[in-house]
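Trainee: Just need the structure, nothing else, for what follows:
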Amino acid sequence: MRIVAVSEVTRYLKDLLEEDYYLQDVWVRGEVTNYTQAPSGHRYFSLKDERATLGCVLFRGSGGYVPPLRNGMAIVAHGRFSVFEQRGAYQFYVDAVEAAGIGELHLRFEELKARLEAEGLFAAERKRVLPPCPAVVGVVTSSSAAALRDILRTLRLRCPLARVVVAPTLVQGDGAAEQVAAALDALNAHGQADVVIVARGGGSLEELWAFNEEVVARAIARSAIPVVTGVGHETDFTIADFVADYRASTPTAAASAVVPDASAWREALAETHERLTFLVAQRLQGEGERLRVRGHALERVSPARRIQLERQRVDDARHSLELRLGHVLALHQEHLRGAGLRLHALSPLRTLGRGFAEVRQQRDGALVTSVRQVSPGDGLTVRVADGSFAAIAGPRLEEATADVEGASPPVVLRRGEASRAGSASSVGRRGAALDEGEGSGGPA
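Mentor: Numbers count the residues shown, from 1 in each chain. From the prediction side, this is the model:
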């Protein structure tokens, strides 16, 4: 058994192709697809028909005139076959191109598009508005495709609450169109999905051809659930895109279109909460201010406030009255003191204190102001500064003097001498007399 290296096998195959005269000078007819032009000027594309695809390269400066190439264009290309060793792929190295009209697949696409558009399947008025927040999202795609992983990841990030129901199907090859239509019908029969995504990753026209079949277009048109397509890349358009209620450029864009962004909800909720907090605080502040104003107004008219104010007025009046009464009492006290001083100055007691006496009749207490009121032998009450004593009236002084000429001068009673006089009989013997110039015993 011989073991060879990969490069050795690849070189052997390349030599076989290049040694075959038939494969080194051949014209190939097909439809252009996957056309790209590198910055270097080299052009890469594929030639395809209904059964196969051939990779081609047209180097810059390879030959004569080459018409502008575009996808869907039918051409006849001349060149040779060889192997691109780095990738281990055989290629058709083109050196001449002639236009051969519109390709068969492109022609079929345009014919079906025109017919369905005439029936009104593309009309804007029949397209339905997508639900703003679907609870269940249906997905029609291959269970092993990267498009499904992109859709699930996007749905989980944007709206984790949304539930996903997958209807797996082929997305290219024989029978793919019928399976896509059947999956759409199954989701409608299931009845839980609020919106359906029909998706497939990028590819050539023939790889996306299942979504250009009439059976898929009819299934989308009869769906009771809104349908969103996300087939191929942004530049790819299929018949399904025209019939769908919404066309997204990619499967990821389709997932973003059917569910809201929860992060935007959180931001909107935070903004709403902040504004609501501000409005509530502002309202509370305004109501608090109005409550304080009304409280002050109520205090001015409330019974308690009135009572408090009246109590204050009573206290002020009482204080004012006390001040006035105090002033009046002080004035009256001053007047009374002055009157007392004046009365004291006129008091008989003060006269008595200077040695005068007050004489009254014992029989009736009458004040003796004249000698004519007293007869010898009358009982008298004599009041002096520190007390009073009894006396008996003797004869009048002038009479006694006349009877006894040459007798000793009369004794004049003065303050403090009454007790030394001995008794009323002694006074009677020597006679009682008042100090001359001070009346007959009355107060000064």
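Trainee: In the stretch 1-150 of the chain, what residue spans correspond to helices?
Mentor: 6-19, 21-24, 104-119, 146-158 (DSSP state H, counting those that start in this stretch).
Trainee: now, of those, which is deepest in the fold?
Mentor: Scoring the helices of the stretch 1-150 of the chain by mean neighbour count under mean count of other C-beta atoms under 10 Å gives helix 146-158 as the most buried, with a mean of 18. Using the backbone N, CA and C atoms, a C-beta is placed for each residue, glycine as well.
Trainee: Keeping just the C-alphas, turn it into CSV.
Mentor: This file holds the C-alpha atoms of helix 146-158, laid out as CSV (Å, rounded to 0.1, in the frame of the first residue of the first chain):
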residue,chain,number,x,y,z
ALA,A,146,-26.7,28.8,11.6
ALA,A,147,-29.7,31.0,10.9
LEU,A,148,-31.7,29.3,13.6
ARG,A,149,-29.0,29.9,16.2
ASP,A,150,-28.8,33.5,15.2
ILE,A,151,-32.6,33.9,15.5
LEU,A,152,-32.8,32.2,18.9
ARG,A,153,-29.9,34.2,20.3
THR,A,154,-31.4,37.5,19.1
LEU,A,155,-34.8,36.6,20.5
ARG,A,156,-33.3,35.6,23.9
LEU,A,157,-31.3,38.9,24.1
ARG,A,158,-34.1,41.2,23.0
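Trainee: Just the mean pLDDT for that helix, thanks.
Mentor: Over the span of helix 146-158, the pLDDT mean works out to 93.
Trainee: helices or strands up against that helix?
Mentor: strand 136-141, strand 163-168, strand 195-200, helix 251-258 (3 or more C-beta pairs under 8 Å, 6 or more residues apart in numbering; DSSP states H and E).
Trainee: Direction included, what does the second one pair against?
Mentor: Read that as strand 163-168. Its sheet considered, strand 163-168 pairs with strand 136-141 (parallel) by DSSP bridges.
Trainee: Show me the strands in the chain, by range?
Mentor: Applying DSSP state E to the chain gives strands spanning 26-37, 43-48, 53-58, 73-84, 89-102, 136-141, 163-168, 195-200, 227-231, 246-247, 358-361, 379-384, 387-392.
Trainee: relative orientation of the fifth one and strand 53-58 in degrees?
Mentor: So that's strand 89-102. Angle, strand 89-102 to strand 53-58, by axes from the mean of the first three to the mean of the last three C-alpha atoms, to 10 degrees: 90 degrees.
Trainee: what angle separates strand 89-102 from strand 73-84?
Mentor: Going by the same axes, to 10 degrees, strand 89-102 makes 170 degrees with strand 73-84.
Trainee: Name the residues that touch strand 89-102?
Mentor: 13, 17, 28-29, 47, 54-59, 62-64, 66-67, 69, 72-84, 110 (C-beta atoms under 8 Å, 6 or more residues apart in numbering).
Trainee: Now, of those, which are buried?
Mentor: The neighbour count (16 or more other C-beta atoms under 10 Å) marks 28, 47, 54, 56-58, 62, 66, 69, 72-75, 77, 79-83 as buried among the contacts of strand 89-102.
Trainee: about what we covered before: rebuild the strands of the chain as a markdown table, extending it with mean pLDDT and distance to P260.
Mentor: Below are the strands of the chain laid out as a markdown table (pLDDT from 0 to 100; distance: least, C-beta to C-beta, whole Å):
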| stretch | mean pLDDT | distance to P260 |
| --- | --- | --- |
| strand 26-37 | 91 | 36 |
| strand 43-48 | 93 | 40 |
| strand 53-58 | 94 | 41 |
| strand 73-84 | 90 | 42 |
| strand 89-102 | 84 | 43 |
| strand 136-141 | 96 | 12 |
| strand 163-168 | 94 | 15 |
| strand 195-200 | 95 | 12 |
| strand 227-231 | 94 | 14 |
| strand 246-247 | 94 | 15 |
| strand 358-361 | 89 | 127 |
| strand 379-384 | 88 | 126 |
| strand 387-392 | 89 | 126 |
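Trainee: Quick one, which of the ones you listed gets closest to L284.
Mentor: The closest of those to L284 is strand 163-168. By C-beta to C-beta, the value is 42.0 Å.
Trainee: CA atoms of that closest one as PDB?
Mentor: C-alpha atoms of strand 163-168 as PDB (Å, rounded to 0.1, in the frame of the first residue of the first chain):
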ATOM      1  CA  ARG A 163     -41.600  31.600  23.600                       C
ATOM      2  CA  VAL A 164     -40.300  30.000  20.300                       C
ATOM      3  CA  VAL A 165     -41.900  27.200  18.300                       C
ATOM      4  CA  VAL A 166     -39.700  25.800  15.600                       C
ATOM      5  CA  ALA A 167     -41.100  24.000  12.500                       C
ATOM      6  CA  PRO A 168     -38.000  22.400  11.000                       C
END
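Trainee: Contacts made by that strand with the rest, please.
Mentor: Identification of contacts with strand 163-168 by C-beta under 8 Å, 6+ apart yields 135-143, 148, 151-152, 155, 183-184, 186-187, 190, 192-193.
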